[in-house]
Structures are given as structure tokens and as C-alpha cells.
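Colleague: Build the 3D model from these lines:
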Amino acid sequence: MERIYINHRDGERRIHVEIDESEVHALAAGDDAATSRLRAICAEAGRRWPVAGDGRG
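Modeller: Coordinates of the predicted model:
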């Protein structure tokens, strides 16, 4: 699982993530390691490009 890029569209922060099939299945099953990795990607994206008004920028 890898963050490809982040951007804004109409005030929304969008995080584009490449996820292979096995990771999709792991996420769907609620696998702790997979969900932890996805949360880490979201947190890292927020630190790199905070949005004004979200408490981080």
C-alpha cells in the first residue's frame, strides 16, 4: 500500500492510494496491520498538506 499523491478538489482533500488485491481483502476483513497502514498514510498526508480550517493548517 502506497500513497501516490494528494490533492484538493472543491474543498475536499483527496488521498490517492495504490492498494493491491491482497491488501483490499485484508482491509475488508478488518486486518489490524492493513487498517493501521491506511491510517498512517492518511495521517502522513495530513501532515504534509494540511487544509485551512481543519485544525491542522
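Colleague: contacts and neighbour counts: CA atoms only from here.
Modeller: OK.
Colleague: Who are the packing partners of the helix or strand where Ala45 lies?
Modeller: Element membership for Ala45, per DSSP states H and E: helix 32-48. Helices and strands touching helix 32-48, as assessed by 3 or more CA pairs under 8 Å, 6 or more residues apart in numbering; DSSP states H and E, comprise strand 2-9, helix 21-28.
Colleague: contacting residues around that helix?
Modeller: Identification of contacts with helix 32-48 by CA atoms under 8 Å, 6 or more residues apart in numbering yields 1-3, 6, 15, 23, 26-27, 56.
Colleague: Quick check: the two most widely separated of the residues you listed?
Modeller: Ala26 and Arg56 (29.9 Å; CA to CA).
Colleague: For Met1, which non-adjacent residue is spatially closest?
Modeller: Spatial nearest neighbour of Met1, excluding adjacent residues (CA to CA, 6 or more residues apart in numbering): Ile19 at 4.7 Å.
Colleague: Please report how far that neighbour lies from Gly11.
Modeller: Ile19 sits 25 Å away from Gly11, taking CA to CA, to the nearest Å as the criterion.
Colleague: Centre-most residue in the chain?
Modeller: The centre of the chain sits closest to Cys42, judged by CA atoms, centre = their mean, with a distance of 3.3 Å.
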